[in-house]
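Asks: Sequence plus the predicted model coming up.
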Amino acid sequence: EPIKGIVVARNRGVLEATGKWLAFFDDDQLADRNWLRELFSAAEEHQVRSVGGAVHLQLPEGCERRVRPLVRTLLGESRWSEATTPYTRSTSPGAGNWLMERSLALEVGLFQAANQGRNEDSDLYRRICLAGEASWFVPAAIVQHIITPDRLQEAYLLRLARIVGEFVAQRELSLDGRAKFLVIWLLKGVRAGLVCFPRWLVARMLGWKEATLELRCLLEIQR
């Protein structure tokens with residue numbers, strides 16, 4: 001593919017593929033030996049055209065930080081449930097662990113850079129939802145996401161949180177319409193000011209570094 005970028009690379013793969021199914025995961029991940037078998041078995045069992053698996057984090061060797069849940073999610077962790085279950089609007093498959101029928105990708109449109117060159121997988125899932133197609137989460141289909149030390153830096157995580165917040169707002173606007181969207185985000189703003197910000201202040205004063213970072217990321221997402 002002469003044009004650089006993950007979105008055009010994935011789309012080239014979709015267009016060049018000749019099989020019925022497409023499986024995605026990234027170059028900074030290691031797949032479990034049963035990964036594909038688990039995904040395909042779930043797709044067959046539940047008669048769906050889209051299934052995603054669990055992403056576990058492999059933190060840097062010697063890292064003793066107790067990384068908080070929201071930060072782990074920003075880093076790509078996906079462990080929504082211990083049982084195979086349908087995805088919802090607030091949980092979605094990602095291109096780091098996803099099996100779908102090629103025909104589905106062609107029907108709803110290929111990957112598109114949603115914002116700042118990211119969230120192309122969440123945008124594709126949004127269009128799959130709008131098409132009325134169900135997607136299932138398969139916890140036994142596991143890939144390990146290798147996290148390098150630079151990805152644990154505060155500046156990197158806050159930038160990720162801002163990007164996620166922008167995309168969540170775009171997604172909810174498209175799904176809910178302007179009136180409902182404004183009400184939801186007004187309520188989120190009130191919650192951020194009355195709940196999240198005071199909790200961040202307390203965590204910062206007490207020196208709880210990981211809790212402070214998590215709450216700062218949450219405020220960035222909701223602002």
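Replies: Right, received. Where do you want to start?
Asks: what's the lowest-mean-pLDDT helix or strand in the chain packed up against?
Replies: One helix or strand of the chain scores below all others by mean pLDDT, DSSP states H and E: helix 178-191, with a mean of 75. Applying 3 or more C-beta pairs under 8 Å, 6 or more residues apart in numbering; DSSP states H and E, we find helix 178-191 packed against helix 154-176, helix 209-222. Every C-beta, even on glycine, is put in place using the N, C-alpha and C of the backbone.
Asks: Now do that helix and helix 154-176, the angle between them.
Replies: 140 degrees (axes from the mean of the first three to the mean of the last three C-alpha atoms, to 10 degrees).
Asks: looking at it, residue 188 is touching residue 222, isn't it?
Replies: Yes: here residue 188 reaches residue 222: they are 5.1 Å apart, a contact under C-beta atoms under 8 Å.
Asks: what angle do the least confident helix or strand of the chain and helix 209-222 make?
Replies: Going by the same axes, to 10 degrees, helix 178-191 makes 150 degrees with helix 209-222.
Asks: what comes into contact with helix 178-191?
Replies: If you take C-beta atoms under 8 Å, 6 or more residues apart in numbering as the criterion, helix 178-191 is touched by 169, 172, 173, 176, 222, 223.
Asks: The longest strand belonging to the chain packs against which elements?
Replies: When the chain is parsed with DSSP state E, its longest strand is strand 136-146. Applying 3+ C-beta pairs under 8 Å, 6+ apart, one finds that strand 136-146 contacts strand 29-31, helix 35-46, strand 50-58, strand 85-86.
Asks: nearest residue to the residue sitting nearest the centre point of the chain other than its sequence neighbours?
Replies: The centroid of the chain falls nearest to residue 94 when counting by C-alpha atoms, centre = their mean (5.2 Å). Nearest non-adjacent residue to residue 94, counting by C-beta to C-beta, 6 or more residues apart in numbering: residue 121, 4.7 Å away.
Asks: for residue 174, same thing?
Replies: Nearest residue to residue 174, sequence neighbours excluded (C-beta to C-beta, 6+ apart): residue 126, at 6.8 Å.
Asks: helix or strand for the one you found, which one?
Replies: If you go by DSSP states H and E, residue 126 is part of helix 120-130.
Asks: Buried residues, that helix. List them.
Replies: Within helix 120-130, the residues scored as buried using 16 or more other C-beta atoms under 10 Å are 120, 121, 122, 123, 124, 125, 126, 127, 128, 129.
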